[in-house]
Structure formats: structure tokens, C-alpha cells
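Undergrad: sharing a model that was predicted from the sequence below.
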Amino acid sequence: MTRGLFSFLLVALSCWAQLPARGQEEAVVPPDIVIVLADDQTWSDSGCYGNKQVKTPNIDRLAAEGMRFTRAFTATAMCAPTRQQLYTGLFPVRNGAYPNHSKVKTGTRSIVHFLRERGYRVGLSGKKHFGPPASFPFEKVPRGKLGEFIGRKKSQPYCLVVTSNSPHLPWSEGDPSAYDPGKVKLPARFVDTPQTRQAMVKYYAEITDFDRELGECMAAVQEGGREENTIFIYTSEQGAQFPGGKWTCYDMGLHVALVVRWPRQVKAGSVADAMVQYVDVVPTLLAAAGAEKVEGFDGKSFLDVLKGKTDEHHDAVFGVHTTRGIINGSPCYPVRSVRTATHKYIWNPKYREPFRNVLIGGGDKGGYWKSWVELAKTDEKARRIVEGYQRRPEVELYDLRTDPFEQKNLAGDPRLEDIERSLRGRLDAWMLQQGDKGIETELRVKAHRSVSGQEQKPGKERKKKGGGGKKASAAVLKPS
């Protein structure tokens, strides 16, 4: 045997000895997990999602380093239901938290329980908006101590959820002077008034300030030294508090931004068109952490999408809105929806009654709604937008390929009869599976009322934000 052949055999035997035995899988090293959640940010309002007006360098950098989802959704465009479905993997009616300012059913488990069982530390820094505490026993991570939490116990994986208060109203953070109100482009659903443009400028400024927070979180992970095996997620929660966004089942409300970076696992700069929902996040993280069986959720893992093995997931996603119980909400105005890649079907069972919320009911903190109402007295387009927001037909059907902003209702069009019937059947089946009885389910919710009988907000949703737009030190977040 020649010396060269002998050396080759030694190398081959050495490599063979290091392979796992037949039937054994290579051990999964549990990844660290960071989830950064905005508050009321419309999905498209960042550079990487096509809005070139708003300055979001850190969101854009994260997308360049990870995977950007083009079809990710929450099932409810309100804070508490959105967060609780994200953390539990269960849709709102099933987990019990379908009104805003609500809690899940007693005994409901969350991401905290599931990851702790796999040896994780699970912390939260920022806004909560969930309950009861037993269902969400996060370790509280004070602002300014993200790095301390990340660096603790190097041998133990961690999950850190960072929840900002931006860009939720009152849009008081950031630097509005960085934007020119005369040059901002307004969405099709908006009435163009000076007040609207001023509101957009303040909203964009607060998105940029949120982007700063996101950058601080990215820096904290990098400084922790385990960035290469960290799943870093940014997501936008739900649409902003503009008509057609928050409190609706239109895409401006339910569609969310979702970017996932995971070095060596997720291809940098990749784009996924797979349809995913927030209820899929917990199953996905459990699968990434090595769980062999991920069961008992409404969602399902999209780990294969992240790893580039498929670009398909759900063929339909669902929406549910409960106006009863929100601040200055309608006495009863449920909304349900189903969406495929091409069409959206919305059901408004109490369509004969006007839709009402805090914006219409006198809580116009954005400072623009009254200007819409005033202009609607003399301007036909403004009148259609204002009236269309408050009074809707029983059924809405949109072809999202030609009408992505859901402006032309095609319900009743005989050419789409089969599509309309199919979507209604899918929505009915989903509601039955969820135990959702529409109006009856809506009426289970108690409206928030003061002793004088006026509906009101039960306590502050967020504390006053300080700082005057000044930059905080690294990894310091605003109070919840």
C-alpha cells in the first residue's frame, strides 16, 4: 500500500467515525431567540417593504441579513388580542382574548411555558397588554438591562421579547422635522388634509425612533457573542390607528411586517411569499429548538420556509374583530374575514348599524379625523371615505391582484359567485372550529363603562413617553 493511499484511508476512517450512527439525528443546538415587536405600525411602513419615505435603516439591514415575509398576518388588528395569539399559538376566540384589553382563558399556556420546558430563560422588556399573569410568567427585564439578560448563563439558551410603545399614538417621539408634510404620499384610504399630513409626519418620526430601538437590540445581541445562533425577529404588530388599519379586517390592519434573521440557517436577503400567521410563530420556534412534536396549536411551524425548503404554508388566513368592548366602540359590530393569495372575503353581520370606535367617538389623538368629516361636507371623495368607514355592506369581496388596497367591492358579481361561495364556506368552517358564533360571541363581551355610563378606557394602555425624542443609551427602551 502506498503512503498516499494509506493517508487517504486514515482520513476517511476518521470522518466516518464522526458521523452519527444510523437512525440518529445530529444534535440540535437550541438557538437563542429575540423578538422585537412594534406597536401599531402598518406593515408596509419601512424601507424594505417599499415605503421609501420613512427612514428605517435597521429594519432594512435586518431584512438584508435575513428573510422578509411578504404575506404575514395577525388575526386581529388590536393590541391585546394580537399579542396573546402571538404568545399562545391560538386564535383569539379560542384562547379567549378576542376583545381588546382582554385576557386569555384561565389555564392557557404560552411561549414562556413551552420554552421553559426546553430549558430556556424567557424574558420580556416593555409593554405587556396580556393576562392573567399565570399564563404569561415572563421574567421581567428592566430597560437598560437587555445586555445583562442576554449575557447571563452562557450555557443556557434564552428567549427575549422586546415590546416597544412606538409608533402607537400619541406620536410624540422622534424628530418630525426630518419629514416634509407637503411631500408625504398618503394611502388611497386617506383624506388629504393638512391635518392628515401633519399626523403622517409625526407617525413616520415615531417609526424612525422605533427603528433606533431595534438597532439597539441588534447591537445588544451582537455584543452578547452568540449572534450566529440567534433567531432575531422583527414584526410590526398590526396596522396604525388610521381608518382602514387598526380595528378592521382590511389588509392595512391585519397584514404585518415579519423579518427573521438566523445566520447559517436563513439565507440573507431572501424573500418568502408563503402565507403565515402569528399563531404559527410559537410552533416554529419550538421546532427550531428541536421539539419533535409540535401539537395543540392553531398554528403550524414554518421552519421549512425559513430554511428555504418550501415557499408554501397556509392557503388561507383568517381575521376576527370585536368592536364591542373597545373604547367608544359600537354596541355590537363583529367582523370576520378569510383571505387567500388572491381574494379577501369580509363578513359584517351587523352591517345595518354604524361602525364606531375611539377615533370617531371623540378620541382623535391623531388630530386629523375632524378635518376629514369637515371636508366630507363639500368633497365627494372625502364623503365616500368617511361614510364607507362607518357604514359597510354585509359582505365585501376584493380581488387583491388588481385591487390590493381593497377599494372595489365585488360581492354579488356573478362572475365570482364560485369564489365567494367557497370563501364563505371556509370562513364558516373556521368559525365552527373556533367556537365562534359571530353576534352571539360578540355579545359575551362587556363594554367598558364609567360610573356615569360612558364607555371609557380601563386604565392607561401606555405610560407617557419621555425623552423628547432624544436618543437613549444602548439597549434602553421606553416604558410600557
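TA: Received, thanks.
Undergrad: switch to C-alpha atoms for all contacts and neighbour counts from now on
TA: Noted.
Undergrad: and the next helix or strand past the helix ranked longest in the chain?
TA: Using DSSP state H to define each element, the chain has its longest helix at helix 194-224. Next along the chain after helix 194-224, taking DSSP states H and E as the criterion, comes strand 230-235.
Undergrad: what angle separates that next one from helix 194-224?
TA: Following axes from the mean of the first three to the mean of the last three C-alpha atoms, to 10 degrees, one obtains 170 degrees for the angle between strand 230-235 and helix 194-224.
Undergrad: what sits up against the helix or strand following strand 230-235?
TA: Once strand 230-235 ends, the next helix or strand along the chain (criterion: DSSP H and E) is helix 251-254. The contact list for helix 251-254 (C-alpha atoms under 8 Å, 6 or more residues apart in numbering) reads 42-43, 73-77, 238-240, 244-248, 319, 405-406.
Undergrad: the same query, at a cut-off of 10 Å, please.
TA: Identification of contacts with helix 251-254 by C-alpha atoms under 10 Å, 6 or more residues apart in numbering yields 40-44, 72-78, 82, 187, 189, 237-248, 277, 317-320, 339, 344, 400, 404-406.
Undergrad: average model confidence for the longest helix of the chain?
TA: Averaged over helix 194-224, pLDDT sits at 97.
Undergrad: which positions within it qualify as buried?
TA: Using 16 or more other C-alpha atoms under 10 Å as the test for burial, helix 194-224 gives 195-218, 220-221, 224.
Undergrad: what about residue 446, distance to residue 154?
TA: Residue 446 sits 47 Å away from residue 154, going by C-alpha to C-alpha, to the nearest Å.
Undergrad: returning to that earlier point: what is the longest helix of the chain packed up against?
TA: Where contact means 3 or more C-alpha pairs under 10 Å, 6 or more residues apart in numbering; DSSP states H and E, helix 194-224 is packed against strand 32-37, helix 57-65, helix 146-151, strand 158-163, strand 230-235, helix 369-375.
Undergrad: if we use 8 Å, what do you get?
TA: Helix 194-224 is packed against helix 57-65, helix 146-151, with contacts defined by 3 or more C-alpha pairs under 8 Å, 6 or more residues apart in numbering; DSSP states H and E.
Undergrad: poorly predicted segments of the stretch 301-450 of the chain, please.
TA: Across the stretch 301-450 of the chain, the ranges flagged by pLDDT under 70 are 447-450.
Undergrad: quick one, helices of it?
TA: 303-306, 369-375, 380-390, 417-434, 439-442 (DSSP state H, counting those that start in this stretch).
Undergrad: just name the most buried of those helices.
TA: Among those, helix 303-306 has the highest mean neighbour count (mean count of other C-alpha atoms under 10 Å), at a mean of 20.
Undergrad: surely residue 279 touches residue 84?
TA: No. The criterion here is C-alpha atoms under 8 Å, and residue 279 misses it with residue 84 at 9.2 Å.
Undergrad: relative to residue 100, how far out is residue 132?
TA: Using C-alpha to C-alpha, residue 132 is found at 14 Å from residue 100.
Undergrad: okay, now the domains of this structure?
TA: What automatic domain parsing lists as the domains of the chain is 32-314, 319-442.
Undergrad: still on that earlier bit, right, and the helices and strands packed on helix 194-224 - which one's nearest residue 396?
TA: Taking C-alpha to C-alpha, helix 57-65 is the member of the helices and strands packed on helix 194-224 nearest to residue 396, at 33.4 Å.
Undergrad: so where's the stretch 51-200 of the chain shaky on pLDDT?
TA: In the stretch 51-200 of the chain, no residues with pLDDT under 70.
Undergrad: contacting residues for the nearest residue to residue 207 once chain neighbours are set aside?
TA: Using C-alpha to C-alpha, 6 or more residues apart in numbering and skipping the chain neighbours, the partner closest in space to residue 207 is residue 167 (5.4 Å). By C-alpha under 8 Å, 6+ apart, residue 167 lies in contact with 38-41, 203, 206-207, 210, 240.
Undergrad: which parts of the protein are strands?
TA: Secondary structure of the chain (DSSP state E): strands located at 32-37, 67-73, 121-126, 139-140, 158-163, 230-235, 255-261, 270-277, 317-322, 334-339, 343-347, 395-399.
Undergrad: could you dump those to TSV with mean neighbour count and distance to residue 89?
TA: Shown next, in TSV, are the strands of the chain (neighbours: other C-alpha atoms under 10 Å; distance: least, C-alpha to C-alpha, whole Å):
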stretch	mean neighbour count	distance to residue 89
strand 32-37	23	15
strand 67-73	24	13
strand 121-126	22	16
strand 139-140	14	20
strand 158-163	24	15
strand 230-235	22	16
strand 255-261	26	16
strand 270-277	21	9
strand 317-322	26	14
strand 334-339	24	18
strand 343-347	24	23
strand 395-399	21	28
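Undergrad: out of the ones you listed, the one nearest residue 182 is which?
TA: strand 255-261 (26.5 Å).
Undergrad: picking up where we left off before, residue 394 is nearest to which of the helices and strands packed on helix 194-224?
TA: The closest of these to residue 394 is helix 57-65. By C-alpha to C-alpha, the value is 38.1 Å.
Undergrad: just the C-alphas of that closest one, formatted as PDB.
TA: Taking C-alpha atoms only, helix 57-65 is exported to PDB below (Å, rounded to 0.1, in the frame of the first residue of the first chain):
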ATOM      1  CA  PRO A  57     -32.100  51.700   8.300                       C
ATOM      2  CA  ASN A  58     -32.100  49.000  11.000                       C
ATOM      3  CA  ILE A  59     -35.300  47.300   9.800                       C
ATOM      4  CA  ASP A  60     -33.800  47.400   6.300                       C
ATOM      5  CA  ARG A  61     -30.400  46.000   7.400                       C
ATOM      6  CA  LEU A  62     -32.200  43.200   9.200                       C
ATOM      7  CA  ALA A  63     -34.100  42.300   6.100                       C
ATOM      8  CA  ALA A  64     -30.800  42.300   4.100                       C
ATOM      9  CA  GLU A  65     -29.400  39.800   6.600                       C
END
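Undergrad: so that helix versus strand 230-235, what angle?
TA: Helix 57-65 runs at 130 degrees relative to strand 230-235, counting by the same axes, to 10 degrees.
Undergrad: what residues sit buried inside helix 57-65?
TA: Along helix 57-65, these residues count as buried under the neighbour rule (16+ other C-alpha under 10 Å): 57-60, 62-65.
Undergrad: pick the one among the residues you listed closest to residue 327.
TA: Set against residue 327, the nearest of those by C-alpha to C-alpha is residue 59 (31.6 Å).
Undergrad: report the contact partners of the closest residue to that closest one other than its chain neighbours.
TA: With C-alpha to C-alpha, 6+ apart as the criterion, residue 59 has its nearest non-adjacent residue at 6.4 Å, and that residue is residue 211. Shown in contact with residue 211 (C-alpha under 8 Å, 6+ apart): 56-59.
Undergrad: now residue 111
TA: 87-88, 136, 282.
Undergrad: now neighbour count too, for those residues, in JSON lines please.
TA: Formatted as JSON lines, the contacts of residue 111 follow (neighbours: other C-alpha atoms under 10 Å):
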{"residue": "87", "neighbour count": "21"}
{"residue": "88", "neighbour count": "29"}
{"residue": "136", "neighbour count": "21"}
{"residue": "282", "neighbour count": "26"}
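Undergrad: pull the most distant pair out of these.
TA: Every pair of the contacts of residue 111 checked by C-alpha to C-alpha; the farthest is 136 and 282, at 13.5 Å.
Undergrad: before we move on, the earlier item: who has more neighbours out of residue 132 and residue 100?
TA: residue 100 (24 against 15; other C-alpha atoms under 10 Å).
Undergrad: for that one, give me its contacts.
TA: The contact partners of residue 100, by C-alpha under 8 Å, 6+ apart, come to 78-81, 322, 325-326.
Undergrad: all set, thanks.
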